[in-house]
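S.K.: Provided below for reference: sequence and predicted model.
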Amino acid sequence: MALTPAITDLEQLKSHPAVARLLAWNASAVTEVKFDREELTVWIDKSLIREACAILRDSSDCPFDYLCDVTAVDWFPSQPRFEVVYHLLSLSKKERVRLKARLDNESPVVESVTSVWPSANYFEREVFDLFGIRFTGHPRLERLLMPDNWEGHPLRKDYPVEGYR
Amino acid sequence: MTQYPSSAVLEPVAGQEKTLVLNMGPQHPSTHGVLRLVLEIDGETVVKVMPEIGFLHTGIEKTCEAKFYQQVVPLTDRIDYLCPMTNNLTYCLAVEKLLGLEIPPKAQWMRVLMNELTRINSHLVWLGTHAMDLGAMTVFLYCFREREDVLRLFEMVSGQRMMTSYFRIGGLALDPPLGFFERVKSFADRFLGNVDEYEGLLTGNPIFLMRVKGVAYLSKEDAISLGATGPTLRGSGVDIDLRRDAPYSSYEKFKFNVPVSDGGDVWARYVCRVQELRESIGIVQQALAGMPEGPTKADAPKVVLPDREKMKTQMEALIYHFKIITEGFTVPAGEVYQGVESPRGEMGYYIVSDGTAKPYRVHMRSPSFANMQVLPKMCEGRLIADVIAAIGSIDVVVGDIDR
């Protein structure tokens, strides 16, 4: 299977249930879309990410009721620096969608989705631990994998692979 | 910082003189590794469970970013050390998806075959240790007898019993050796009888039933919202299996049932997993019967290492070999998420490529990590002994949690 070029035109992707639902809710929240390698990515305005997740979870025709994963990507040194990545799955329709929110370096803060899915708890703690991205409204935002007194956030690109000596 | 300092064993929490705090782990035999549970108990009743994880965190995600794509494969074995092939498969599928690489049918079927043997291997360890935690010693010895057979099969194809690294980007490391399929067949033919043996020891055993029935209940709604996955999710009545619902590596060509139980307790999860053992051996038999002929590596000289023979006789193959080893191969920019049904649930690899020879970001969504969050829900309000049953029933592998 040869690679086909990615589709980034919102008009062509309107029929996907996740895009359709988000556009019907708030068209200005969707900043960018991409359909690449059979996977759909939707960029959401960072202030609306929790609401967007709640809308998709409660969607009637294709409910994305299962949160697979929350993670982040550090695009240091370009700006905006961080992307928080949410992988959603619809257990009934077996559809997947990836939501992304861009965060800048000065204040990597985004609203927690633990009120939508309690399962986001550990995933967000891990992102906080390894990237230093803060989630407002999280019940217990503490380090998860690294020791409590650790300095720095290891998965940032400006953190050396062998650690600080 | 935890609200219980690590030295706080048997220290009462201020204002709650009735309860006391008990550390279970990180050196507790039934936590299957270095998992620490901080239990707040009122007599024998568990009031609160706080899992403390990270003792086995080795920073594999960070290490991956400093390696070439093909050098990451051996790292993936070490994540979930009970199902190395599933890890290999997920990673290879994700990179192949990034590359747009077509895998020959024989390699795909071999991957299915090995993947199901891995599931049997993993479930046997689970069954043995789970039963041993609950006091049934014998089952452990029976399970490890058959597990040894599976490990010998792994050794035949890859030279390794546990850290196999048998799947490579673009296919398999080697063709299966002569006599391999006969060995698998003889194993598959007798294995169903072995499962009957385990069930004979446990399924009707009144002591076992009292320890598992109605214990560690998890409702369907809680299972979904807390992110349970795999047999833990199916044991709560959610019918999802990625092998059937999002087929990969030609799973769509195999016929199998997905065991689902709506009991939601330890017993339901036990039934699902034992049933999966039977389904897996069915898939192994189908794979043996229909194994296609042909190459086991994709025709992509820039990605797949050439045969030893070709490398020593053809200049071009030697150049490709040298370039792959020294510079790696570039992967077109983009990102993929590949989910695979591992023995513990949905294992997902999220890989971001920036167009160079090293992955920009590799993230493992590990099933044990997701399942860990349902443990407090299962245990709170029940007895300490039920915590052991609950841990066993979600089948945690600490390497998989901590990465």
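M.R.: Ah, there it is. Numbering: from 1, shown residues only, chains lettered A, B, ... in the order given.

S.K.: contacting residues for the closest residue to chain A within the stretch 251-400 of chain B?
M.R.: In the stretch 251-400 of chain B, the residue that lies nearest chain A is B:Arg365 (4.0 Å; CB to the nearest CB). No exception for glycine: its C-beta is placed from N, CA and C like everyone else's. Counting by CB atoms under 8 Å, 6 or more residues apart in numbering or on different chains, B:Arg365 touches A:Cys68, A:Asp69, A:Thr71, A:His87, B:Gly339, B:Glu346, B:Met347, B:Gly348, B:Tyr349, B:Tyr350.

S.K.: Neighbours of the one residue in chain A that gets nearest to chain B, how many?
M.R.: Closest approach between chain A and chain B, counting by CB to the nearest CB: A:Ser119, at 2.7 Å. A:Ser119 has 25 neighbours, counted by other CB atoms under 10 Å in any protein chain shown.

S.K.: Just want to check the distance between it and A:Ser112.
M.R.: Shown here: A:Ser119 relative to A:Ser112, a distance of 12 Å by CB to CB, to the nearest Å.

S.K.: Tell me who's in contact with the residue of chain A closest to chain B.
M.R.: A:Ser119 neighbours (CB under 8 Å, 6+ apart): A:Leu67, B:Ser225, B:Leu226, B:Gly227, B:Ala370, B:Gln373.

S.K.: Which pLDDT does the model give it?
M.R.: Predicted confidence (pLDDT) for A:Ser119: 90.

S.K.: cool, B:Thr76 as well?
M.R.: At B:Thr76, pLDDT is 91.

S.K.: Regarding the closest residue to A:Phe131 other than its chain neighbours, which helix or strand does it belong to?
M.R.: Using CB to CB, 6 or more residues apart in numbering or on different chains and skipping residues adjacent in sequence, the residue nearest A:Phe131 is A:Ala72, 4.7 Å away. Here A:Ala72 sits within strand A:66-74, counting by DSSP states H and E.

S.K.: that's a strand at B:Val38, yeah?
M.R.: Yes: assigned with DSSP: H, G, I helix; E, B strand; the rest coil, B:Val38 falls within a strand.

S.K.: Name the nearest residue to it, sequence neighbours excluded.
M.R.: Counting by CB to CB, 6+ apart, the residue nearest B:Val38 is B:Met50, at 4.3 Å.

S.K.: Let me know the secondary structure of that neighbour.
M.R.: Strictly by three-state DSSP, B:Met50 counts as strand.

S.K.: Relative to B:Leu98, how far out is the residue lying closest to A:Ile44 once chain neighbours are set aside?
M.R.: Once flanking residues are discounted, A:Ile44 sits nearest to A:Ala52: 4.8 Å by CB to CB, 6+ apart. A:Ala52 is 27 Å from B:Leu98, where distance means CB to CB.

S.K.: Kindly report the same for A:Ser92.
M.R.: When A:Ser92 is compared with B:Leu98 (using CB to CB), they lie 29 Å apart.

S.K.: How many residues are close by B:Arg278?
M.R.: 17.

S.K.: Report all helices and strands that the helix or strand it falls within contacts.
M.R.: B:Arg278 belongs to helix B:266-289 when assigned by DSSP H and E. Using 3 or more CB pairs under 8 Å, 6 or more residues apart in numbering or on different chains; DSSP states H and E as the contact test, the elements touching helix B:266-289 are helix B:105-133, helix B:180-202, helix B:206-212, helix B:231-234, helix B:384-394.

S.K.: quick revisit: so which of A:Ser92 and B:Leu98 has more stuff around it?
M.R.: When neighbours are counted by other CB under 10 Å, A:Ser92 and B:Leu98 differ, and B:Leu98 comes out ahead with 24 against 13.

S.K.: and that one, helix, strand or coil?
M.R.: helix.

S.K.: Tell me which residues touch it, please.
M.R.: A:Arg37, B:Val331, B:Pro332, B:Gly334, B:Glu335, B:Val336, B:Ile351, B:Ser353.

S.K.: List just the nearest of these to B:Gln70.
M.R.: B:Val331 (10.7 Å; CB to CB).

S.K.: So the closest one is in contact with B:Val72, correct?
M.R.: No: counting by CB atoms under 8 Å, B:Val331 sits too far from B:Val72 to count as a contact (11.4 Å).

S.K.: Find the residues that touch each one of these two.
M.R.: Between them, B:Val331 and B:Val72 share the contacting residues B:Pro359, judged by CB under 8 Å, 6+ apart.

S.K.: what about the helix or strand of chain A with the lowest mean pLDDT, distance to the chain center?
M.R.: Least confident helix or strand of chain A, by mean pLDDT, DSSP states H and E, is helix A:17-25 with a mean of 83. The chain centroid and the centroid of helix A:17-25 are separated by 17 Å under CA atoms, centre = their mean, to the nearest Å.

S.K.: same deal with stretch B:360-369?
M.R.: 12 Å.

S.K.: now stretch B:275-292
M.R.: 18 Å.

S.K.: Return the residues in contact with the residue nearest to A:Arg96 when sequence neighbours are not counted.
M.R.: Nearest residue to A:Arg96, sequence neighbours excluded (CB to CB, 6+ apart): A:Leu89, at 5.4 Å. Listed by CB under 8 Å, 6+ apart, the contact set of A:Leu89 reads A:Phe64, A:Tyr66, A:Leu67, A:Cys68, A:Glu95, A:Arg96.

S.K.: quick one: contacts of the biggest helix by length in chain A?
M.R.: Using DSSP state H to define each element, chain A has its longest helix at helix A:120-131. Identification of contacts with helix A:120-131 by CB under 8 Å, 6+ apart yields A:67, A:69-72, A:74, A:82, A:84, A:108, A:112-114, A:133-135, A:138-146, A:153-156, B:61, B:227, B:369-370, B:372-373.

S.K.: can you pull the pLDDT of residue 90?
M.R.: No chain was given, so I picked chain A. With respect to pLDDT, A:Ser90 scores 90.

S.K.: Let me rephrase: I mean chain B.
M.R.: 93.

S.K.: Now it. Nearest residue, chain neighbours left out?
M.R.: B:Val340 (4.3 Å).

S.K.: mind checking the SS state of that neighbour?
M.R.: Once three-state DSSP is applied, B:Val340 turns out strand.

S.K.: so what's it bridging to?
M.R.: Beta bridges link B:Val340 to B:Met347, judged by DSSP bridges.

S.K.: low-confidence ranges in chain B?
M.R.: For chain B, applying pLDDT under 70 flags the ranges B:1-17, B:29-31.

S.K.: Which residue would be the closest one in it to chain A?
M.R.: B:Gly227 (2.7 Å).

S.K.: Now for that residue, how many residues are close by?
M.R.: 28.
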